[in-house]
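**Q** Give me coordinates for this.
(chains A and B)
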Amino acid sequence: MREARTAYLFLLPSLIFFVGFVVFPMFICIFYSLTNANMNAKAATEFIGLLNFQKLLSDKTFLEALRNTFVIVLVSVPAVCAFSLWVSSAIYKLSGPVLSAFRCIFYLPVVTGSVAVTVVWKWMYDNYTGILNYVLKGAGLIEKNINWLGDSKYALWCIILILFTTSVGQPIVLYVSALGNVDATQIEAAKVDGATDFQVFWNVKWPQMMPTTLYILVITTINSFQCFALIQLLTSGGSGTNTVMYYIYYTAFKLTEQFGHFGYANAMGVILAIFIGILSAVQFKLAAEK
Amino acid sequence: MNKSELQRKGAYGVMSVVILVILAFLFMFPLYWIVTGAFKIAKEYNSVTPVWFPTVFTLDNFARLFARRTAPLWELAVPFSALFTADKTPIMLSVGPTVPAAIRWLLNTVFMAVMAMVLTCITASMAGYALAKKRFPGRALLFSLIVCAMALPKQVILIPLIKEISAMGLWDNIWSVIFPTVGWPFGVFLMKQFSEGIPGEILEAARIDGASEWRTFTTIVVDLVKPGIGALAIFTFINSWNDYFLQLIMLGSGNNYTISLGIATLQAETSIDVGILMAGATLAAIPIIAIFLAFQKYFTQGITMGAVKG
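**A** Modelled structure (predicted):
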């Protein structure tokens, strides 16, 4: 068929990259998760079945990392969604330039880049020269300087806070446009019927924004699961902030002497992918029922 | 609306504007702190009582950053030559003059982001058009594969990717961070959404006029999906610029670092010298923010398109 042949030719350049650098590694990842592969190319790779997964279940560091990852996801996803919904509702009716100024400001931490953002936050959290301790002490909220990143009581929350500021940009852009697209006649009709603002929001706007909310939930979940740069640059997984993504990196690249760690890291990757898959599926299902 | 309700609304409205403005300042503060920090003298950035605005502007932090390490401005190697030389180092065709390493890192970053952007835009607009407007066996399968790949954590595949890249002799080569970015299927997905909007009659008319498929694509389709390409371009550029994890695992030697990676390494080496770090962070952040502000209209359109119609 001519049409099919043309289509394949148009797809070819993209497929070379997609298959070569996404699909193929996906399969290697699954394959390696069943072996004791090592970064050292000379070491033999043996097929060991599900042993990596069995070992993971009793690996205390991994379980702690998994717990931390879930804390991050469970705190930051609802917080990001609620916050961006509130900000969007407050700004979407503003005039063009003001609206885009606000949108840009909330997007700034994303564009600034994780490394630059992390470097400055590390300074702001600093025990001695950090501005956070100074401001909180000035406001009388704390008495003594707190070593934010060195104390396991606070470190994970400090990271969640930074993650939060770098996560709300995109949801705000999406919610602003979704709110702008809500059918105005339905809102008018509801108001004529005497609906309160909250009722209008809950019965008219919210259902129409469901696809946007779903998309935001999925991307925020994936982003939170992948939280890596913050951990690596701020605490290196210390002070109770180890996450699965950081532990994968640590296992694959830092423990070079230990035999079989590459397969082990890939097994963690597979588990992470399964969790994200399940969560995305659940979110889709919940949204479909709404 | 009675009077008390108006008052309540007014009070709420004023409150929310006040909170919004405070939040806006808080969100801008880290950037402000980076840039002002970069120009502060040591006494001020090490001060226990924060100095809100530098009293003296100094370029000393930048000077120290530039003096710290040098690198040739460019190194052009024979492609894949690292696979064949005895010590696995590539054969150089041309090596540029020695400059501060941070300048080289910036050049690397710009090259990486521009290449990733151009390649992504070309391949994705072609593939997106085919997926949206052509019928062929395997179309549904391919589309679900793309959606699945987008939902999977990108960083998980990067770990096995490193073996593949090493096998190709591309490790520690700037192309090793370009290719995986181009492969990421978000672009195809986005361009498919935009291409759905092309009216079938226009394509049919072009076909009847005897235009070849390629000609139809380059003249008619590209013109119609221009906003999509704009959005994808800026999106890919920013993502590639800031994809720290990919850069971290793929680039090993100081000369091939990107600016983000360079600053991250700097932090590991000298975390007490805040001035030099802020100077580096300024260099890393300001170009990308300027580009974002210049093209933000496209950008907003792009992220909205990817979600709402998806």
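
**Q** going forward, measure contacts and count neighbours with C-alpha atoms only.
**A** OK.

**Q** and residue B:183, what is it in contact with?
**A** A:14, A:15, A:16, A:17, A:18, A:19, A:20, A:21, A:22, B:120 (Cα atoms under 8 Å, 6 or more residues apart in numbering or on different chains).

**Q** Can you say which of those are buried?
**A** A:14, A:15, A:17, A:18, A:20, A:21, A:22, B:120 (16 or more other Cα atoms under 10 Å in any protein chain shown).

**Q** Quick check: chain neighbours aside, which residue is closest to the third one?
**A** In other words, residue A:17. Using Cα to Cα, 6 or more residues apart in numbering or on different chains and skipping residues adjacent in sequence, the residue nearest residue A:17 is residue B:183, 4.3 Å away.

**Q** What separation do you get for the one you found and residue B:159?
**A** Between residue B:183 and residue B:159 the computed distance is 15 Å (Cα to Cα, to the nearest Å).

**Q** Near chain B, which residues of the stretch 51-200 of chain A? Just list them.
**A** When proximity is defined by Cα under 8 Å from any Cα of the partner chain, the stretch 51-200 of chain A lies next to chain B at A:87, A:90, A:102, A:104-106, A:108-109, A:111-117, A:119-121, A:123, A:128-131, A:134, A:165, A:170, A:173-174, A:177-178.

**Q** So which elements touch the longest helix seen in chain A?
**A** In chain A, assigned by DSSP state H, the helix with the most residues is helix A:60-91. The contact analysis (3 or more Cα pairs under 8 Å, 6 or more residues apart in numbering or on different chains; DSSP states H and E) places helix A:60-91 against helix A:51-57, helix A:155-165, helix A:169-181, helix A:210-225, helix A:244-249, helix B:3-38.

**Q** go with 6 Å
**A** helix A:169-181 (3 or more Cα pairs under 6 Å, 6 or more residues apart in numbering or on different chains; DSSP states H and E).

**Q** Going along the chain from the helix it packs on, find the next helix or strand for me.
**A** Using DSSP states H and E, the helix or strand that directly follows helix A:169-181 along the chain is helix A:184-192.

**Q** Of all the residues in the very next helix or strand once past that following helix, which ones are buried?
**A** Following helix A:184-192 in sequence order, the next helix or strand is helix A:197-200 (DSSP H and E). Neighbour-count burial for helix A:197-200, counted by 16+ other Cα under 10 Å, picks out residue A:200.

**Q** Stretch A:78-89 now?
**A** In stretch A:78-89, counting by 16+ other Cα under 10 Å, buried: A:80, A:81, A:83, A:84, A:85, A:87, A:88, A:89.

**Q** for the first one, what are its contacts?
**A** When contacts are counted by Cα atoms under 6 Å, 6 or more residues apart in numbering or on different chains, residue A:80 touches residue A:168.

**Q** Equivalent analysis for residue B:164, please.
**A** Applying Cα under 6 Å, 6+ apart, we find residue B:164 in contact with no residue.

**Q** Now with 8 Å, please.
**A** residue A:25.

**Q** where are the low-confidence patches of the stretch 151-290 of chain A?
**A** For the stretch 151-290 of chain A, residues meeting the criterion pLDDT under 70 lie at A:254-260, A:287-290.

**Q** again, 80 this time
**A** Residue ranges of the stretch 151-290 of chain A with pLDDT under 80: A:226, A:253-261, A:280, A:283-290.

**Q** quick one, phi psi at residue 153?
**A** Picking chain A for this. phi -70, psi -30 (degrees, to the nearest 10).

**Q** nope, chain B please
**A** According to degrees, to the nearest 10, residue B:153 has phi -70, psi 120.

**Q** Check residue B:100 too.
**A** phi -60, psi 140.

**Q** Likewise for residue B:70?
**A** Dihedral angles for residue B:70 - degrees, to the nearest 10 - are phi -120, psi 160.

**Q** gap between it and chain A?
**A** 21 Å (Cα to the nearest Cα, to the nearest Å).

**Q** what does the stretch 101-250 of chain B put close to chain A?
**A** B:123-124, B:126-127, B:130-131, B:134-137, B:149, B:151-153, B:155-161, B:163-164, B:179-180, B:182-185, B:188, B:213, B:238, B:241-242, B:244-245.

**Q** The contacts of residue B:183 into CSV, with extra columns for distance to residue B:30, secondary structure and pLDDT?
**A** Conversion of those to CSV gives the following (distance: Cα to Cα, whole Å; DSSP: H, G, I helix; E, B strand; the rest coil; pLDDT from 0 to 100):
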residue, distance to residue B:30, secondary structure, pLDDT
A:14, 38, helix, 95
A:15, 40, helix, 94
A:16, 40, helix, 95
A:17, 37, helix, 94
A:18, 36, helix, 94
A:19, 39, helix, 93
A:20, 39, helix, 92
A:21, 35, helix, 92
A:22, 34, helix, 91
B:120, 31, helix, 96
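
**Q** coming back round to it: the residues of the stretch 101-250 of chain B next to chain A in helices, which ones?
**A** The helices, defined by DSSP H, take in B:123-124, B:126-127, B:130-131, B:149, B:151, B:155-161, B:163-164, B:179-180, B:182-183, B:188, B:213, B:238, B:241-242, B:244-245 from those.

**Q** filter those residues to the buried ones?
**A** Using 16+ other Cα under 10 Å as the burial test, those include B:123-124, B:126-127, B:130-131, B:149, B:151, B:155-161, B:163-164, B:179-180, B:182-183, B:188, B:238, B:241-242, B:244-245 as buried.

**Q** what about stretch B:267-287, near chain A?
**A** Yes: using Cα under 8 Å from any Cα, stretch B:267-287 reaches chain A at B:267, B:268, B:274, B:277, B:278, B:281, B:282, B:284, B:285, B:286.

**Q** nearest to residue B:192, of those residues?
**A** Using Cα to Cα, residue B:285 comes nearest to residue B:192 of those, at 31.4 Å.

**Q** Would you list the phi and psi of the closest residue to the closest one other than its chain neighbours?
**A** Distance criterion Cα to Cα, 6+ apart; nearest residue to residue B:285, sequence neighbours excluded, is residue A:112 at 4.9 Å. Backbone geometry at residue A:112, expressed as degrees, to the nearest 10, gives phi -50, psi -30.

**Q** What count of nearby residues applies to residue A:112?
**A** Residue A:112 is flanked by 26 other residues according to other Cα atoms under 10 Å in any protein chain shown.

**Q** in stretch B:282-292, what counts as buried?
**A** B:282, B:283, B:284, B:285, B:288, B:289, B:292.

**Q** Check which helix or strand the fifth one maps to.
**A** Residue B:288 is located in helix B:274-308, with elements delineated by DSSP H and E.

**Q** low-scoring pLDDT stretches of the stretch 1-150 of chain A, where are they?
**A** A:1, A:37-45, A:95-96.

**Q** contacting residues around the most centrally placed residue in chain A?
**A** Taking Cα atoms, centre = their mean as the criterion, residue A:223 is the residue nearest the geometric centre of chain A, at 1.7 Å. For residue A:223, the contacting residues are residue A:167, by Cα under 8 Å, 6+ apart.

**Q** Quick check: phi and psi on residue B:86?
**A** phi -60, psi -40.

**Q** Just give me the neighbour total for it.
**A** Applying other Cα under 10 Å, I find that residue B:86 has 8 neighbouring residues.

**Q** Tell me how far it lies from chain A.
**A** 17 Å.

**Q** ok, back up a step: a markdown table for the contacts of residue B:183, including distance to residue B:297?
**A** Rendered in a markdown table, the data for the contacts of residue B:183 read as follows (distance: Cα to Cα, whole Å):
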| residue | distance to residue B:297 |
| --- | --- |
| A:14 | 26 |
| A:15 | 29 |
| A:16 | 31 |
| A:17 | 28 |
| A:18 | 28 |
| A:19 | 32 |
| A:20 | 33 |
| A:21 | 30 |
| A:22 | 30 |
| B:120 | 20 |
